[in-house]
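Q: Pasting the sequence and the predicted model now:
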Amino acid sequence: MRNTLKLGLFLLLIAGIAGLGIAYVNELTQPLIAAQQEEEQLASLKEVYAEAENVVDESEQYLDENTGSIVTQVKVAYQGDDPVGVIYLVEPDGYSGKIQLMAGFDIATKKMTGIKVLSQTETPGLGSNAQESFFTERFKGKTVEKPLEIVKKEPVDDNQVLAITSATITSKAVANGVNAAREHFMENFLQ
């Protein structure tokens, strides 16, 4: 009995020391991780809307807590004091979970400036191809006049986007996210 108690206390001591060590390392690396995430997000913003001099998060002004929309952030791109574009963070449901992506729109041309998939848990080699440039480039320059439509054959209309082969659900999820951003853009920035 006494040996069992000694062993239990020893294991408790070791687990406590290990836990404190992990907490200390986490505390040290947390600012570095946050800075790296901020840097990656800035790079993504530039990729989605390259002409922006300054990007301001205006989610509080443009999003209502009760909407339940898949649009989670609204960032307005400025050149000087003039708003020139809008970048949305949207999270549609994909085949295997949420897909987090950014979609950019130009106010003057009423066209998409691009999309960037930030995170996804889709099937490797199929749905995960949604983050590849061959798919994301298909959205660039699309007009906001009509909702995007995913097609399995070569697109014939400006609002059609060719699906990823064997990943139609993921392709439609990305289009649903972009369409939610497009609707918000039209309601709030094109009046």
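A: The structure has been received and is ready for your questions.
Q: make it CA atoms for all contacts and neighbour counts henceforth
A: Will do.
Q: Tell me how far Lys142 lies from Val178.
A: 11 Å (CA to CA, to the nearest Å).
Q: Mind checking which of these two has more residues around it?
A: Val178 (30 against 20; other CA atoms under 10 Å).
Q: Could you verify my assumption that the more buried one touches Leu89?
A: No. The criterion here is CA atoms under 8 Å, and Val178 misses it with Leu89 at 9.3 Å.
Q: anything in contact with each of these two?
A: Counting by CA atoms under 8 Å, 6 or more residues apart in numbering, the common neighbours of Val178 and Leu89 are Ala103.
Q: residue nearest the centroid of the chain?
A: Closest to where the C-alpha atoms of the chain average out (CA atoms, centre = their mean) is Leu101, at 2.4 Å.
Q: State the mean pLDDT of the helix or strand hosting Glu47.
A: Per DSSP states H and E: Glu47 is located in helix 2-48. Mean pLDDT, computed over helix 2-48, is 89.
Q: how far does the helix or strand that comes right after that helix sit from the chain's center?
A: Next helix or strand after helix 2-48 toward the C-terminus (DSSP H and E): strand 54-57. Here the centre of strand 54-57 is set off from its chain's centre by 16 Å, with CA atoms, centre = their mean, to the nearest Å.
Q: What ranges in the protein fall below the confidence cut-off?
A: 66-68 (pLDDT under 70).
Q: make it 90
A: Along the chain, segments meeting pLDDT under 90 span 1-6, 33-69, 79-82, 94, 96-97, 118-133, 135-136, 149-150, 153-170, 187-191.
Q: Please state the backbone phi and psi of the residue nearest to the centre of the chain?
A: phi -140, psi 160 (degrees, to the nearest 10).
Q: Pro124 now?
A: phi -60, psi 130.
Q: Can you give me the distance of it to Arg182?
A: Distance from Pro124 to Arg182, by CA to CA: 28 Å.
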